[in-house]
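Enquirer: When you get a sec, could you give me coordinates for this:
(one chain, ligands or ions: 2)
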Amino acid sequence: MIQLKSPREIDVMAEGGRILAETVAMLAEAVKPGMTTADLDRLAEDFIRSHEGAVPAFKGLYDFPASVCTSINDEIVHGIPSRTRQLVEGDLVSIDVGVRYKGYYTDSATTVAVGEVDETSQRLLDVTQRALEAGIAAAQLGNHIGDIGAAVQGVVEEAGFSVVRDLVGHGIGVAFHEEPQVPNYGKPKRRERLTVGLTIAIEPMVNAGSAKTRTMPDRWTIKTIDGSRSAHFEHTVAITEHGPRVLTRRA
Ligand code: MG
Ligand code: MG
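Expert: Numbering: from 1, shown residues only. Ligands and ions are numbered 1, 2, ... in the order given. All right, here's what the predicted structure looks like:
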């Protein structure tokens, strides 16, 4: 069942989303060669908890052990922060973070270049970010979930990259994962209609090579099957009568 939110509930989500936006920006600025993914986790947890009423949403969610997911290079999503995993010049690191604030969840992710990266990696970042913006722009009242997926897929495939299909965006709010699913592929006018009060996480996961994935023995980390690099950008968005309202954008 889709849970529509009142304007008041969306305002509360926007408050939590602002804390999350600051968290993601802080982490992106902190990334540098030599730090570990556990360092990022610690920074995120401390920063989120420094805001009254805010807690890291991921810790304990489905028994995930950390406050952020950190996924490097061919890791697509759900990488577990580790004290033995150092960032190296030329890496891409995806950082996915969730906040729970006053009973409501928000979800956001970014992918960051560690120092200088090769040209394809930089293009992968640019295209994935553009695909997210295209998906957000399609999140208009009266459109359908399929319009979002079609917009994302169009940008990605036009650039010669591939959209991950095994993982999708999702409704969010009272629960971290709510209906509907929000695929990063699809056809216009298909799937659920977008209505006022719908709150969704739009999150393209884009691979430089094959779209296919595999899950690592840690049962969390999901990688590309061919070792190609992957990028992930995500915002939590509310459908309003005035257009999409991005709740996790830095003010
Ligand atoms: Mg996320
Ligand atoms: Mg999400």
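
Enquirer: When you work out contacts or count neighbours from here on, use the C-alpha atoms and nothing else.
Expert: Noted.

Enquirer: Show me which residues of the stretch 51-200 of the chain sit near ligand 1.
Expert: Within the stretch 51-200 of the chain, the residues that sit near ligand 1 (Cα under 5 Å from the ion) are 96, 107-108.

Enquirer: Among those, name the buried ones.
Expert: Buried subset of those (neighbour count, 16 or more other Cα atoms under 10 Å): 96, 107-108.

Enquirer: Now do the contacts for the nearest residue to A251 once chain neighbours are set aside.
Expert: Spatial nearest neighbour of A251, excluding adjacent residues (Cα to Cα, 6 or more residues apart in numbering): R18 at 7.4 Å. Contact partners of R18, counting by Cα atoms under 8 Å, 6 or more residues apart in numbering, are 247-251.

Enquirer: Mind doing that once more with 7 Å?
Expert: Contacts of R18 were listed using Cα atoms under 7 Å, 6 or more residues apart in numbering, and they are 247-250.

Enquirer: Quick check: it is in a strand.
Expert: No: counting by DSSP: H, G, I helix; E, B strand; the rest coil, R18 is not found in a strand; it is helix.

Enquirer: how near is it to ligand 1?
Expert: With distances taken as Cα to the ion, to the nearest Å, R18 is found 15 Å from ligand 1.

Enquirer: ditto for H144
Expert: H144 is 21 Å from ligand 1, by Cα to the ion.

Enquirer: Count the residues that sit near the closest residue to that residue other than its chain neighbours.
Expert: Spatial nearest neighbour of H144, excluding adjacent residues (Cα to Cα, 6+ apart): R193 at 4.2 Å. Neighbour count of R193, defined by other Cα atoms under 10 Å: 15.

Enquirer: was I right about R193 contacting I145?
Expert: Yes: in terms of Cα atoms under 7 Å, R193 counts as a neighbour of I145; the distance is 6.4 Å.

Enquirer: Name the residues of stretch 237-244 that are buried.
Expert: Buried, per 16+ other Cα under 10 Å, within stretch 237-244: 237-240, 243-244.

Enquirer: what's it in contact with?
Expert: 136, 139-141, 194-201, 245-247.

Enquirer: is it true that D39 lies in a helix?
Expert: Yes: counting by three-state DSSP, D39 is found in a helix.

Enquirer: ok, now how distant is it from ligand 1?
Expert: For D39 relative to ligand 1 (Cα to the ion), the value is 19 Å.

Enquirer: Kindly report the same for H232.
Expert: Distance from H232 to ligand 1, by Cα to the ion: 9 Å.

Enquirer: Need phi/psi at that residue.
Expert: When read as degrees, to the nearest 10, the backbone of H232 gives phi -150, psi 120.

Enquirer: That one - how many residues pack around it?
Expert: By other Cα under 10 Å, neighbour count at H232 equals 26.

Enquirer: same check, this time on E75
Expert: Counted with other Cα under 10 Å, E75 comes out at 27.

Enquirer: cool, G17 as well?
Expert: 30.

Enquirer: Give me the local confidence score for it.
Expert: Predicted confidence (pLDDT) for G17: 98.

Enquirer: Now it. Nearest residue, chain neighbours left out?
Expert: Nearest to G17 is T248, by Cα to Cα, 6+ apart, at 4.4 Å.

Enquirer: so the one you found makes contact with G16?
Expert: No: contact status for T248 versus G16: not in contact, 8.2 Å apart, counting by Cα under 7 Å.

Enquirer: mind listing what's buried in the helix or strand where A21 lies?
Expert: Using DSSP states H and E, A21 sits in helix 7-30. By 16+ other Cα under 10 Å, the buried positions in helix 7-30 come out as 9-10, 12-24, 27-28.
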